[in-house]
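1. for reference, the sequence and a predicted model appear below.
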Amino acid sequence: METPVADKVGHVDSARLSHHGSSTSSNKYFLETLRPTVAFISAGDGYPNSRYGHPTRAVLNRLHNIKPLGLKAVYATNKGETPKGLREKDLALVSVVERNIVLRSDGKYFSVNGEQYLSDGAVSPAVSASTPTSETCTSHKRKPDDAGS
């Protein structure tokens, strides 16, 4: 299901990963086609979640290997139950947020729980072959519109 959806959607600023980050979701093609700047994982810890080991190491590896690398952050609703825990490189990418995750956008920038990112305004791959880039913004100042334009 994800592959045909990826072809229709193309690049996005943010994506919620399917099925709590299970190994059968968020395939490589899907992630590399969407190339999200930020991703979200809804995961729990403790029983019954501990039986499933979400998010899985396989999905975390796919997130680390998105080409071209544009992923800036992953927001998880809980630490989950990844077998053997999160690795150091996972902890550098994944922010565990044990509260609501709030995404806001003004069309040029978007923020997740106050952390700001540049919205690259990319269009579907069917429309443009260029590869957009994203960068994390710590702050930004808006310029007043030119009076003559």
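-> Done, it's in.

2. strands of the chain, residue ranges please.
-> Applying DSSP state E to the chain gives strands spanning 14-16, 38-41, 73-76, 94-96, 103-105, 109-112, 115-118, 136-137.

3. name the nearest residue to residue 105, ignoring sequence neighbours.
-> Excluding its sequence neighbours, the residue lying closest to residue 105 (CB to CB, 6 or more residues apart in numbering) is residue 119, at 6.3 Å. Backbone N, C-alpha and C define where each C-beta goes, glycine included.

4. tell me, how many residues neighbour that neighbour?
-> When neighbours are defined as other CB atoms under 10 Å, residue 119 has 18 of them.

5. residues contacting it?
-> Going by CB atoms under 8 Å, 6 or more residues apart in numbering, residue 119 touches 13, 105, 107-110, 134.

6. go on, residue 73?
-> Going by CB under 8 Å, 6+ apart, residue 73 touches 37-39, 93-95, 112, 115, 136.

7. would you list these in TSV and tack on distance to residue 65?
-> Below are the contacts of residue 73 laid out as TSV (distance: CB to CB, whole Å):
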residue	distance to residue 65
37	16
38	17
39	13
93	12
94	15
95	19
112	22
115	23
136	19
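
8. of those residues, closest to residue 28?
-> residue 39 (13.8 Å; CB to CB).

9. go through the contacts of residue 119 and name the one nearest residue 64.
-> Nearest to residue 64 among the contacts of residue 119, with distances taken as CB to CB, is residue 134, at 16.4 Å.

10. check the closest one and give its pLDDT.
-> The model reports residue 134 with a pLDDT of 38.

11. swap in residue 98?
-> 78.

12. from residue 35, how far off is it?
-> Here the criterion is CB to CB, to the nearest Å. By it, residue 98 lies 28 Å from residue 35.

13. just residue 61 next, same as before
-> Applying CB to CB to residue 61 and residue 35 gives a distance of 16 Å.

14. look at the two and report which has more neighbours.
-> Taking neighbours as other CB under 10 Å, residue 61 and residue 35 compare with residue 35 leading, 25 against 13.

15. picking up where we left off before, buried subset of the contacts of residue 73, written for PyMOL?
-> Of those, the buried ones can be selected in PyMOL as follows, counting by 16 or more other CB atoms under 10 Å:
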select buried, resi 37+38+39+93+94+112
